[in-house]
Structure formats: structure tokens, C-alpha cells
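# give me the fold of what follows.
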Amino acid sequence: MALAIADLIAKLEAWADPAWQESWDNCGWQVQPGILDQPAQVLVCLTPTLAVMAEALKLREQGTGVNLILAHHPLIFSPLKAITQGDPVGDMVQQAIAHGIGIYTAHTNFDQVQDGTADLLAQVLHLQNSEPVVPTQAGLGYGRVGDLSPAVSLKELLDLIQAKLSPPRLIYSPAADLNQKIDRLAVLGGSGASFMAAVAKTGAQAYLTSDCKFHQFQEGRDRNLVLIDAGHYATERPACDRLVEIVQQWGAPWAQLSAQDEDFRQFWG
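Have a look, this model is predicted:
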């Protein structure tokens, strides 16, 4: 019997419990238009946007009955005061209800788990003896720190990140020598500069994350950390790709990674 959406969400919440989310976050159902008993046909994305909704509707026209958008980023962060035409969130809610397409988010709960955003980065970059930077419970937590064996030069590490994540641009803090050896690396997908003090205590020489500001690069230098910013999309999209595999392993009749997920940024020159 095909895996129903209700059963898929039960498996997801047993793995990445929404109760683990941060107080400011909004994990779980964003829109649930009465689809729980339907076989799960899932479009996975980093950010639920109108472009992703249009993709889901086009897939329906082509014969694939997408009924769930499973996203990492929440559609709704702040309480909505109105649902109005022309507002992007309002239009998403309206279309989701009108077409019977649910929107579900796993955000800071997904960041903490095995095969979540940070854990996937650790796997992609071949970190050994990986462990959370900030543990939240047994074996889980924010970020990952691990060993690179053999050690690599900073240049080799930047080349590896570029090859594995394909960011449009890599930014890194001032380093005296691109040939300096890195044998311990910390990673955290998405906006992770606020974890720098914790990273500095792990013995990592370099820290890969995103959305770093000018003075945070200064802080990284002052903490003897090479801060590496590969961009929000590049550091979190790999975990969405793995999420498709996980959903398929759970028995979803159909699951696919969105082709319309966007970085939202372009770089000139």
C-alpha cells in the first residue's frame, strides 16, 4: 500500500521532531488542505516559492499528482494578518488550498539531525570523527566539526568546497598563506556566523557557513579562524537532495528535488 502523507509526516517528525525547533522558528505544517490520506507525491525544495508552486502545478499537468511541497525554509515566519492576492505568501497559501497541495517545513529541527543540513556538509567534505559544534541532545546538534585526513592546504580546501558545492562565489577571511594546512574543519549550513565562538573552542582552523557580514570576517580573523562563506543556497541544497532519497526510502510513491529552487543571487563579473 502506498505511503500516505500522514504516515510520511509521522516518519519525518519521529526523525526530526518539530519540538526541537528554535523559539523563533515555524516548523511543521504551513498549509494542510485536507490531504493526509493521499499517497505522498512530494516535491522537495529549499525554499517554498511561487516558482516551486508553478513547477508543482506543471508536473500535475504532465500527469504527476504532486500533493506535497516539503521545504527546509518556512513559508510563514511571522503570524499572518491577512491573506491577500498579490502578496507572495498569500498567493502561495491560496494556490496550495485551491489545488490541494500541502506545504510542510522542517527547518531548525532538520538542521540538528543525522543527514540534516550540517551533517550532510560533513559527509560531502569527508570529515572524519564528525560531531556537533553545539550539541542539543545525544548525537544531535547544530553544526559539525571533524578532521581532514590527510590535512589539506587552505587552497585545496577552497577548491574542494567549490567542486562539491558549486557556489557562485566563495568568500574567505584574510589568510597569511593559502598553503597553510587545515586538518580540522567546522561546517554549518545556512547562516552560521553566530556560532563562531563555539566553533573557536573546537580546535577547527576553518569554518564553512554562509551569510557572513563584514565584521564577522573580522571576528573570524581575531579568533584565528579562516571563515569561509559559500552562500546560503550552496550550503543547504545538498541536504534537500538527500531528503529526496530519504523520502523515497520511506516508501513515498514519488519524490523529486525541485528544479525551480533558486539561489536568489547573481554576481556580476
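# tell me the contacts of Ala19?
Asn109 (CB atoms under 8 Å, 6 or more residues apart in numbering). Every C-beta, even on glycine, is put in place using the N, C-alpha and C of the backbone.
# swap in 10 Å and give it another go.
Listed by CB atoms under 10 Å, 6 or more residues apart in numbering, the contact set of Ala19 reads 13, 27-28, 109.
# assumed it was part of a helix.
Yes - the assignment for Ala19 is a helix, going by DSSP: H, G, I helix; E, B strand; the rest coil.
# measure it to Ala106 for me?
Plainly put, Ala19 is 12 Å away from Ala106 if you go by CB to CB, to the nearest Å.
# do the same with Val187
Distance, Val187 to Ala106, by CB to CB: 19 Å.
# need the pLDDT of Gln266.
Looking at Gln266, its pLDDT is 87.
# now do the same contact list for it.
168-169.
# so which helix or strand takes in it?
Using DSSP states H and E, Gln266 maps to neither a helix nor a strand.
# how about the helices in the stretch 1-150 of the chain?
In the stretch 1-150 of the chain, the helices defined using DSSP state H, counting those that start in this stretch lie at 5-15, 50-61, 88-99, 108-112, 117-124.
# among those helices, single out whichever gets nearest to Leu257.
Among those, the nearest to Leu257 by CB to CB is helix 50-61 (10.7 Å).
# circling back to that earlier point, of the helices of the stretch 1-150 of the chain, which is nearest Ser130?
Of all these, it is helix 117-124 that lies closest to Ser130, at 4.3 Å by CB to CB.
# report the backbone C-alpha coordinates of the closest one in CSV.
Output in CSV follows, covering the C-alpha atoms of helix 117-124 (Å, rounded to 0.1, in the frame of the first residue of the first chain):
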residue,chain,number,x,y,z
THR,A,117,22.0,20.3,6.7
ALA,A,118,25.2,20.3,8.8
ASP,A,119,25.7,16.5,8.8
LEU,A,120,25.4,16.4,5.0
LEU,A,121,28.1,19.0,4.6
ALA,A,122,30.4,17.0,6.9
GLN,A,123,29.7,13.9,4.7
VAL,A,124,30.2,15.8,1.4
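# name the helices or strands packed onto that helix?
helix 108-112, strand 128-137, strand 140-153, helix 154-165, strand 181-191, strand 206-210, helix 232-250 (3 or more CB pairs under 10 Å, 6 or more residues apart in numbering; DSSP states H and E).
# partner strands of the third one, with direction?
Which is strand 140-153. According to DSSP bridges, strand 140-153 forms sheet pairs with strand 128-137 (antiparallel), strand 181-191 (antiparallel).
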